[in-house]
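**Q** Quick one: sequence and predicted model below, then my questions.
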Amino acid sequence: MIKKIKLKKKAKVIIIFIICILLITTSIVISTTKEEKKYSQNLTTEQKYINKLKKITYYNNKYKKRYISYHKKNKKLTPEEVVIYVNIGIDKPYYTNTKPTKNLNSNTILVNKYNYLTKDYIPNDLEEINTTYARSGMQLVKEAKEAFESLAEAAKKEQMTIIAMSSYRSYDYQVELYNKYVQTDGKDAADTYSARAGYSEHQTGLAVDVYNNDLPYTSFEQTEEFNWMQKNAYKYGFILRFPKDKTNLTGYQYESWHYRYVGKKVAKEIYKNNLTLEEYYVKKIEKN
């Protein structure tokens with residue numbers, strides 16, 4: 001009788017042990033299945049998003065992880081905006097992840113806070129702008145110089161005065177200028193309106209700051225000349241380089257006086273589609 005009781009107790013313990021093992025195993029299986037399902041769902045969501053991006057012609061597979069990361073931080077951006085912003089580089093802090101600029105001595109050279117020119121770079125064919133349309137000593141690349149003179153002459157015929165007050169700047173000149181601004185306003189403020197040496201468009205010989213010989217250049221937006229430039233600059237190959245509504249793309253505050261020569265064909269496309277040079281570069285040049 002005692003033996004039977006002991007056997008029953010032993011059997012009961014074994015059954016309880018087996019049930020515990022089964023419960024633990026089931027719990028592990030369910031937990032693992034949930035994790036696998038969750039992982040699978042996440043993977044599918046990311047893959048679906050990447051598939052959307054791949055339909056964009058300027059998608060770049062080497063930026064795949066950056067696209068996903070930037071999308072997670074900026075859910076309101078469209079897939080196209082994510083690709084454009086990452087390709088430009090603005091998912092990274094300014095002056096990081098920089099690279100030497102390409103297309104040297106071309107009208108579509110891109111110089112900004114992610115693409116730099118070397119200290120020894122001097123553009124080909126620099127020529128002085130006629131002092132009828134510029135302060136003394138102002139230089140641009142020959143093609144840009146001739147286009148600017150044509151622009152200024154056309155404006156003059158409509159009783160407008162457009163004068164180049166700053167154009168080509170050497171690397172060393174930009175060092176001095178930027179340092180002066182830093183001493184005056186501090187580095188953070190200076191970076192919003194002045195380029196560090198090597199990162200200035202003025203070194204390309206394709207950028208020009210203008211005024212009307214009456215108001216300071218910083219008040220150019222208040223002039224009739226500005227309104228004229230808004231309607232006509234692209235016809236001569238120039239674009240407003242740092243527009244008011246695109247500061248997040250250009251990295252600079254709005255500058256109504258800063259124009260950049262890109263050639264008539266490109267300028268027209270940028271003007272008609274309300275693009276920055278960064279956007280045009282990503283869409284039309286970088287992948288070619």
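**A** Sure, I can see it. Please read all numbers here as calculations on a predicted model, not as lab measurements.

**Q** Need the phi and psi values for Gly89.
**A** Note on Gly89: backbone dihedrals following degrees, to the nearest 10 are phi 120, psi 0.

**Q** I'd like the distance between the residue lying closest to it once chain neighbours are set aside and Ile285.
**A** Distance criterion CB to CB, 6 or more residues apart in numbering; nearest residue to Gly89, sequence neighbours excluded, is Tyr114 at 3.9 Å. Glycine gets a C-beta too; all of them are placed from N, C-alpha and C. Per CB to CB, to the nearest Å, Tyr114 is found 15 Å from Ile285.

**Q** These two: which is more packed in?
**A** With neighbours defined as other CB atoms under 10 Å, Tyr114 and Ile285 compare such that Tyr114 has more, 20 against 17.

**Q** ok, the more buried one to Tyr199 distance?
**A** Distance from Tyr114 to Tyr199, by CB to CB: 8 Å.

**Q** cool, Asn87 as well?
**A** According to CB to CB, Asn87 stands 18 Å off from Tyr199.

**Q** Need the overlap of contacts for Tyr114 and Tyr199.
**A** Tyr95 (CB atoms under 8 Å, 6 or more residues apart in numbering).

**Q** Buried residues in the helix or strand Asp188 falls within, which are they?
**A** Assigned by DSSP states H and E, Asp188 belongs to helix 187-193. By neighbour count on 16 or more other CB atoms under 10 Å, the buried set for helix 187-193 is 190-191.

**Q** So which elements touch the helix or strand following that helix?
**A** Using DSSP H and E, the helix or strand that follows helix 187-193 in sequence is strand 207-211. If you count contacts as 3 or more CB pairs under 8 Å, 6 or more residues apart in numbering; DSSP states H and E, strand 207-211 packs onto strand 163-166, strand 255-261.

**Q** For the protein, give me the ranges with low pLDDT.
**A** Within the chain, the ranges that satisfy pLDDT under 70 run 1-17, 19-20, 22-43, 287-288.

**Q** how about a cut-off of 90?
**A** Residue ranges of the chain with pLDDT under 90: 1-48, 286-288.

**Q** can you give me the strands in it?
**A** With DSSP state E as the criterion, the chain has strands at 99-100, 115-116, 126-128, 139-141, 163-166, 207-211, 238-242, 255-261.

**Q** Dump those to JSON lines, plus distance to Thr276 and mean neighbour count.
**A** Putting these into JSON lines (distance: least, CB to CB, whole Å; neighbours: other CB atoms under 10 Å) gives the following:
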{"stretch": "strand 99-100", "distance to Thr276": "19", "mean neighbour count": "10"}
{"stretch": "strand 115-116", "distance to Thr276": "13", "mean neighbour count": "20"}
{"stretch": "strand 126-128", "distance to Thr276": "25", "mean neighbour count": "15"}
{"stretch": "strand 139-141", "distance to Thr276": "21", "mean neighbour count": "23"}
{"stretch": "strand 163-166", "distance to Thr276": "21", "mean neighbour count": "20"}
{"stretch": "strand 207-211", "distance to Thr276": "14", "mean neighbour count": "25"}
{"stretch": "strand 238-242", "distance to Thr276": "8", "mean neighbour count": "24"}
{"stretch": "strand 255-261", "distance to Thr276": "10", "mean neighbour count": "24"}
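
**Q** Same list (those) but as JSON lines, adding distance to Leu249.
**A** Formatted as JSON lines, those follow (distance: least, CB to CB, whole Å):
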{"stretch": "strand 99-100", "distance to Leu249": "18"}
{"stretch": "strand 115-116", "distance to Leu249": "14"}
{"stretch": "strand 126-128", "distance to Leu249": "29"}
{"stretch": "strand 139-141", "distance to Leu249": "24"}
{"stretch": "strand 163-166", "distance to Leu249": "23"}
{"stretch": "strand 207-211", "distance to Leu249": "17"}
{"stretch": "strand 238-242", "distance to Leu249": "10"}
{"stretch": "strand 255-261", "distance to Leu249": "14"}
